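Visitor: With the sequence up front, the predicted model follows.
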Amino acid sequence: MKRQKVLPRSFYARPAVKVARDLLGKTIEHAGRSGRIVEVEAYLGEGDEAAHSARGITPRTRVIFGPPGHAYVYFIYGMHYCLNLVAEREGKAGCVLIRALEPLRGTRMPCNGPARLTRALGITLEQNGADLTRGDIRVLENENGEALLIRTSPRIGISKSTDLRLRFFLAGNPFVSR
DNA sequence: GCTATGATCATA
DNA sequence: ATGATCATAGCA
């Protein structure tokens, strides 16, 4: 089996929407567990009221404005962790929420939902700010160059900027959430 | 300091 | 439709 390459920082140093679409089909792994990305959402800087970064740099959003290729993990509803991958150049906000994985190795826990996949992969606030090119979370290139059929929709669970179609998922994939 | 809220999920 | 449960942010 051919060894998959870790995505370079240049992959992330692009507009969040492009990074989001291109992340579909990639493999993410942590703590010996891995899954294939089948559903993501892009969160932008300016003009995206639904994004945590909408009101500028705070202690929590600091990493979103930092260099690309790092993990932004946040804690929500008193019990859930969600994983984002930081995009855009340093100083500009933009990230991609990982919403669903197709489990590959190390877990049979459900990965269809942003909080479910962090639980399945063992990701917590401890991984916030982790470097995706060096640290214990790794994102790997596709093994083959298969064409992916990508579907688009509004994002889930937000109340602002609902007109933006920034959710991307693999058409017909059974591991997409909902 | 205090309070409101939430990029969710399980249960009913 | 509702409850769980607490970090974060905004305000006093």
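Guide: Nice, thanks for sending it over.
Visitor: where does the most centrally placed residue in chain A fall, phi/psi-wise?
Guide: Centroid-nearest residue in chain A, with CA atoms, centre = their mean: A:Ile98, separated by 3.1 Å. When quoted as degrees, to the nearest 10, the phi and psi of A:Ile98 stand at phi -90, psi 120.
Visitor: show me the contacts for the closest residue to A:Tyr74 other than its chain neighbours.
Guide: With CB to CB, 6 or more residues apart in numbering as the criterion, A:Tyr74 has its nearest non-adjacent residue at 5.8 Å, and that residue is A:Cys82. Where C-beta positions appear, they are placed from N, C-alpha and C, glycine not excepted. Counting by CB atoms under 8 Å, 6 or more residues apart in numbering, A:Cys82 touches A:Val73, A:Tyr74, A:Ile76, A:Leu97, A:Ile98, A:Pro114, A:Ala115, A:Thr118.
Visitor: still on that earlier bit, assess the claim that the residue nearest to the centre of chain A and A:His30 are in contact.
Guide: No. Applying CB atoms under 8 Å, one finds A:Ile98 not in contact with A:His30, separated by 11.3 Å.
Visitor: mind checking the SS state of A:Ala54?
Guide: Following DSSP: H, G, I helix; E, B strand; the rest coil, A:Ala54 is assigned to helix.
Visitor: Give the burial count for the nearest residue to it once chain neighbours are set aside, as a bare number.
Guide: Using CB to CB, 6+ apart and skipping the chain neighbours, the partner closest in space to A:Ala54 is A:Asp48 (6.1 Å). Using other CB atoms under 10 Å, A:Asp48 has 21 neighbouring residues.
Visitor: Mind pulling the model confidence for A:Ala115?
Guide: Looking at A:Ala115, its pLDDT is 98.
Visitor: need the residues of chain A near DNA strand B, please.
Guide: Residues of chain A found near DNA strand B (CB under 7 Å from any atom of the strand) are A:41, A:43, A:50-53, A:64, A:72, A:76-80, A:82, A:84, A:95, A:97, A:110, A:113-116, A:155-159, A:177.
Visitor: show me what contacts the residue in chain A that DNA strand C sits nearest to?
Guide: DNA strand C sits closest to A:Gly78 of chain A, with a gap of 2.4 Å, by CB to the nearest atom of the strand. By CB under 8 Å, 6+ apart, A:Gly78 lies in contact with nothing.
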